[in-house]
Every structure is written in structure tokens, then in C-alpha cells.
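[1] just the structure for this:
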Amino acid sequence: MNNKILPIGSIIKMHDSDLYFMIYGYANNNKKIEDDYYDYFCCIYPTGINGKDSILVKKEKIEKVIFIGYQDSKFANFVELLKNNN
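    Numbers count the residues shown, from 1 in each chain. This next block holds a predicted model:
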């Protein structure tokens, strides 16, 4: 997986799972969460967010991008903001 930031709604497959996951948020790379750094908040696809099935995902654990979510100028601005803050 490259360093490209995936938009909300993207569907991914992880190296260690047969399930698909949907990205629904971004983890703050400047803070440790559960003693480690993560990139995305995800839920199981297609069931969605129900609390207990939400997971934290690192970019390097993504095996394959199944679907890339919606991208517009707001997303492009967000990506630039993230790049400038890292």
C-alpha cells in the first residue's frame, strides 16, 4: 500500500483478514492510540458501524483497495492540510 491518503467510504482488504472494511475516519498520527500509531478508523463492510466492530488500521496492513471513496476539492484540501502538518 502506498502513502496515498484514502477518502472516507473507501473499501479495503487487510493482509490478515478475509473481511472487507470501510474507512469512516482518520486516526491522528501525532497521538498514540492503544500504545501504537494508526491511520484509519474502519468498520466491517457491509454491516457498517455498530460500535463493537470498529477497528483501527495502519496503512501498511492494507493488502488491497477494493473501492476508492468520493473525492472532491474539499478532500483535496484536507489531504494538503494533512501533508503540511506532518
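
[2] show me what the host helix or strand of residue 66 is packed against.
    Using DSSP states H and E, residue 66 maps to strand 62-67. For strand 62-67, the packing partners by 3 or more Cβ pairs under 8 Å, 6 or more residues apart in numbering; DSSP states H and E come out as strand 11-14. Where C-beta positions appear, they are placed from N, C-alpha and C, glycine not excepted.

[3] buried sites along the strand it packs on?
    Across strand 11-14, burial judged by 16 or more other Cβ atoms under 10 Å covers 11-12, 14.

[4] all strands of this protein, in order?
    With strands called from DSSP state E, the chain shows them at 11-14, 20-26, 40-45, 55-57, 62-67.

[5] and of the ones you listed, who's closest to residue 84?
    Closest approach to residue 84 among the strands of the chain is made by strand 20-26 (14.9 Å; Cβ to Cβ).

[6] what lines up beside that closest one in the sheet?
    Strands that pair with strand 20-26, judged by DSSP bridges, come out as strand 11-14 (antiparallel), strand 40-45 (antiparallel).
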